[in-house]
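Engineer: mind folding the following:
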Amino acid sequence: MSCISAQIPLFDDSQSQNQLAIVATVDSVQSDDPAYAAFQRLVRQIHKLDAEILVWNDYRPHYSQKIAKQLMPQFATLQTLNLALLRQMDAHFLQQGAIRGKVRRKVLTNAILELARSLLDQDPEDIVVQEVTELYNRYSDISLAEQDQMDRLMVVDLVEAEFGIQLDPDELEGDLSSVLAQMAERFRQEQAQNPPSGQARRPSARTAAAQQARQAETTAAQLSVRDLYRRLASHLHPDRQSDHQDETTRTVLMQRVNQAYDSNNLFELLSIQLEIPQTRATGIAGIETERIAHYNHALRQQVTALKAQLEGLRGQYRHLFQHSRKIRPADVDQAIRQKRIHLNSVIADLQNEVRRIRDPKELIVMLDLWR
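Structural biologist: Numbers count the residues shown, from 1 in each chain. Below is the predicted model of the structure:
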């Protein structure tokens, strides 16, 4: 079993500097071992992913502040204007002789129902909900409560027909698309755990051997990480107190070691190793080739988890973009600016529309265009 040998630089700086130091330390080791080359790539990749995740986590308060200050007032203005438009449409409909003809009155009815439903989807205040709901029910053949119950029953029937899952209509949450997506995922998980008897096939010898090899590799990686954890915990034990570390420092390091181990964060454990004088000297250079291979397996799993975490953070902002792309905080800021410009244009158009339909003749012109 071979070892990698090299002169390892020492790092005595803070935690954040040691997280950078692990990358420099790993890269400083000269080795022709392909496993170690993979180890270097994985360490750099994790460091990059960690840095990107930190950027997005730091960006979140900035984004919330921008939305609250720049867009929420615009949404409130739009809601106020739409409510004014709805009230004017209702007043003209009720005004005797203002809107004549069955066709026009039908078009106006549909416009009122559509606008009322749109307002309710904007999550307005309770007093607005009550007013708009009463107005909607006055113009619709079916009340909102009845429509909601019909929608729930339709979802129940559809889910049972598609996935064979029985639901309680009163327990449904979310719109049709979100419920169907949840049921599809539930169905997929149930199928994976309990495949139909006709589909349950014994894996081939090659497949079974590959599965056993993967399981053995995972187990070996877990044992290697656990061994590193125990070694670090042992050096931080109170019985090993030295002049180099006070009790507070050891306590903080031990908390980080426990957190890293609980979250399968091998990168952090390796970084902490450079902060403990007793383990620093034998840190990276003394890792056996076989153990490097085990570490690589654990690091690949960490890369996968970090990529999923990063995509989850980015995914919160994808609704701002028409096409899927790799986005940065600067792109989100630009999208907010564009959204603000668009909303200003919509508000201006809506203000003009509200002014126009104060005159029922103008509303008639608009109804003739809509039909």
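
Engineer: can we go C-alpha only for contacts and neighbour counts from here?
Structural biologist: Noted.

Engineer: and the next element down the chain from the helix or strand that contains M72?
Structural biologist: Element membership for M72 (DSSP states H and E) is helix 72-94. With elements assigned by DSSP H and E, the helix or strand that comes after helix 72-94 is helix 102-121.

Engineer: so how far is that next one off the chain centroid?
Structural biologist: 36 Å (Cα atoms, centre = their mean, to the nearest Å).

Engineer: what do you get for stretch 302-322?
Structural biologist: For stretch 302-322, the distance to the chain centre is 6 Å (Cα atoms, centre = their mean).

Engineer: repeat that for stretch 118-132.
Structural biologist: 28 Å.

Engineer: against L153, how distant is the most far-flung residue of the chain relative to its centre?
Structural biologist: In the chain, the greatest distance from the average C-alpha position (Cα atoms, centre = their mean) is reached by G97, at 53.8 Å. Counting by Cα to Cα, to the nearest Å, the gap from G97 to L153 is 41 Å.

Engineer: okay, now Q96: neighbour count?
Structural biologist: Q96: 9 surrounding residues under other Cα atoms under 10 Å.

Engineer: equivalent analysis for the one 3 residues further on, please.
Structural biologist: As a burial measure, the neighbour count of I99 was computed by other Cα under 10 Å and equals 20.

Engineer: next one: K361
Structural biologist: The burial count for K361: 13, using other Cα under 10 Å.

Engineer: assign it to helix, strand or coil.
Structural biologist: The three-state assignment at K361 reads helix, by DSSP: H, G, I helix; E, B strand; the rest coil.

Engineer: ok, back up a step: the residue farthest from the centre of the chain and L113, how far apart?
Structural biologist: On the measure of Cα to Cα, G97 and L113 end up 21 Å apart.

Engineer: I327 too?
Structural biologist: Distance from I327 to L113, by Cα to Cα: 38 Å.

Engineer: between those two, which has more neighbouring residues?
Structural biologist: The neighbour count for I327 versus L113, taken as other Cα under 10 Å, is higher for L113 (21 against 13).

Engineer: surely that one touches I142?
Structural biologist: No. Using Cα atoms under 8 Å, L113 makes no contact with I142, being 11.2 Å away.

Engineer: could you list every residue that touches K307?
Structural biologist: Residues near K307 by Cα atoms under 8 Å, 6 or more residues apart in numbering: L49.

Engineer: quick one on the thing from earlier: so what does the residue farthest from the centre of the chain have for phi and psi?
Structural biologist: Dihedral pair for G97: phi 80, psi 0, per degrees, to the nearest 10.

Engineer: check which residues of stretch 224-234 are buried.
Structural biologist: For stretch 224-234, a neighbour-count test (16 or more other Cα atoms under 10 Å) marks 224-225, 228-229, 232-233 as buried.

Engineer: same thing with stretch 117-133?
Structural biologist: 119-120, 128-129, 132-133.

Engineer: and those, which is closest to L320?
Structural biologist: L119 (21.0 Å; Cα to Cα).

Engineer: pull up the gap between that closest one and V129, please.
Structural biologist: 8 Å.

Engineer: okay if I get the buried residues of stretch 117-133 as JSON lines plus distance to L343 and pLDDT?
Structural biologist: Shown next, in JSON lines, are the buried residues of stretch 117-133 (distance: Cα to Cα, whole Å; pLDDT from 0 to 100):
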{"residue": "L119", "distance to L343": "16", "pLDDT": "93"}
{"residue": "L120", "distance to L343": "19", "pLDDT": "91"}
{"residue": "V128", "distance to L343": "22", "pLDDT": "90"}
{"residue": "V129", "distance to L343": "23", "pLDDT": "92"}
{"residue": "V132", "distance to L343": "23", "pLDDT": "94"}
{"residue": "T133", "distance to L343": "26", "pLDDT": "94"}
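
Engineer: so T109 touches N137, yeah?
Structural biologist: No. Using Cα under 8 Å, T109 makes no contact with N137, being 11.4 Å away.

Engineer: any stretches of the stretch 101-250 of the chain with poor pLDDT?
Structural biologist: Low-confidence segments of the stretch 101-250 of the chain (pLDDT under 70): 169-180, 191-203, 207-210, 239-245.

Engineer: so which residues of it form helices?
Structural biologist: If you assign secondary structure with DSSP state H, counting those that start in this stretch, the helices in the stretch 101-250 of the chain sit at 102-121, 126-139, 144-163, 176-193, 205-235, 247-262.

Engineer: may I see the buried residues of the last one?
Structural biologist: Spelled out, it's helix 247-262. Taking 16+ other Cα under 10 Å as the criterion, helix 247-262 shows 250, 253-254, 257-258, 260-261 as buried.

Engineer: with the third one instead?
Structural biologist: Under the neighbour-count criterion of 16+ other Cα under 10 Å, helix 144-163 has 152-153, 155-159 buried.
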